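Engineer: Would you be able to build a 3D model of this:
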Amino acid sequence: MKIDFKMKNGFHYGVNVENLLAYLTECDLNDITEGEFEVEGETPSGCSGYATVDVTLLADDALDLIKELRKGLKDLVDVFEHTSPDYCMCGTAMEQHTVGGGCGSPTSQQDYHFGEWKRLNSDLLGED
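Structural biologist: Now for the predicted structure:
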C-alpha cells in the first residue's frame with residue numbers, strides 16, 4: 001500500500017482515507033488493538049515503513065469525506081439545473097456563435113461552470 005503523507009483539508013489521514021478503509025475491511029479483528037491497527041506501506045518516494053491508524057479518527061475522516069462528496073454532488077446538480085448549454089457566458093445564444101456572431105470565444109454556460117466545478121473539486125475526484 002502506498003502511504004501518501006500529503007494532508008488534505010484537515011483530514012487526519014490525508015489522501016489515504018479510501019485506501020485505509022479498504023485495508024481495514026480485510027484486516028483481521030485480532031490485528032486491531034486498543035482501537036488502532038498498523039499498516040505497512042511505502043511513501044511516494046519509495047521509503048518503506050509502518051503507520052498506526054486510529055479507527056475512530058479514520059471513521060471521522062470517512063464521514064467528513066462523505067459530507068464533502070454530497071456537497072460536491074449537490075453543487076454539480078446546481079450547475080446543470082441553473083445553466084444552459086444553449087447560451088454562451090457572454091449571454092448570446094450559442095447558435096449565433098456558429099454563424100459568425102457573438103463574443104469570439106464561445107463557451108456555453110454549462111461547459112464553463114462544469115469546468116469550474118471540476119477544477120474546484122479535483123481532490124474529490126481523485127485528480128491532482
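
Engineer: can we go C-alpha only for contacts and neighbour counts from here?
Structural biologist: OK.

Engineer: buried ones in the longest helix seen in the chain?
Structural biologist: Counting residues, the longest helix found in the chain (DSSP state H) is helix 55-82. Residues of helix 55-82 classed as buried: V55, L57, L58, D61, A62, L65, G72, L76, V79 (neighbour count, 16 or more other CA atoms under 10 Å).

Engineer: Checking the nearest residue to L125 once chain neighbours are set aside next. Helix, strand or coil?
Structural biologist: Once flanking residues are discounted, L125 sits nearest to K118: 8.0 Å by CA to CA, 6 or more residues apart in numbering. Using DSSP: H, G, I helix; E, B strand; the rest coil, the structure places K118 in helix.

Engineer: Show the low-confidence segments of the protein, by residue range.
Structural biologist: 1-10, 44, 98-102, 104-105, 126-128 (pLDDT under 70).

Engineer: residue ranges for the helices of this structure, please.
Structural biologist: Under DSSP H, the chain gives helices at 17-26, 55-82, 94-97, 109-120.

Engineer: any residues touching the last one, and which ones?
Structural biologist: Residues from elsewhere that reach helix 109-120 (CA atoms under 8 Å, 6 or more residues apart in numbering): D75, L76, V79, F80, T83, S84, P85, D86, Y87, C88, M89, L125.

Engineer: and that helix, C-alpha only, in PDB?
Structural biologist: Extracted as PDB, the C-alpha positions of helix 109-120 are listed here (Å, rounded to 0.1, in the frame of the first residue of the first chain):
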ATOM      1  CA  GLN A 109     -22.700  28.400 -19.500                       C
ATOM      2  CA  GLN A 110     -22.800  24.700 -18.600                       C
ATOM      3  CA  ASP A 111     -19.400  24.000 -20.100                       C
ATOM      4  CA  TYR A 112     -17.900  26.900 -18.200                       C
ATOM      5  CA  HIS A 113     -19.500  26.200 -14.800                       C
ATOM      6  CA  PHE A 114     -18.900  22.400 -15.100                       C
ATOM      7  CA  GLY A 115     -15.200  23.100 -15.900                       C
ATOM      8  CA  GLU A 116     -15.000  25.400 -12.800                       C
ATOM      9  CA  TRP A 117     -16.700  22.700 -10.700                       C
ATOM     10  CA  LYS A 118     -14.200  20.100 -11.900                       C
ATOM     11  CA  ARG A 119     -11.300  22.500 -11.100                       C
ATOM     12  CA  LEU A 120     -12.500  23.200  -7.600                       C
END
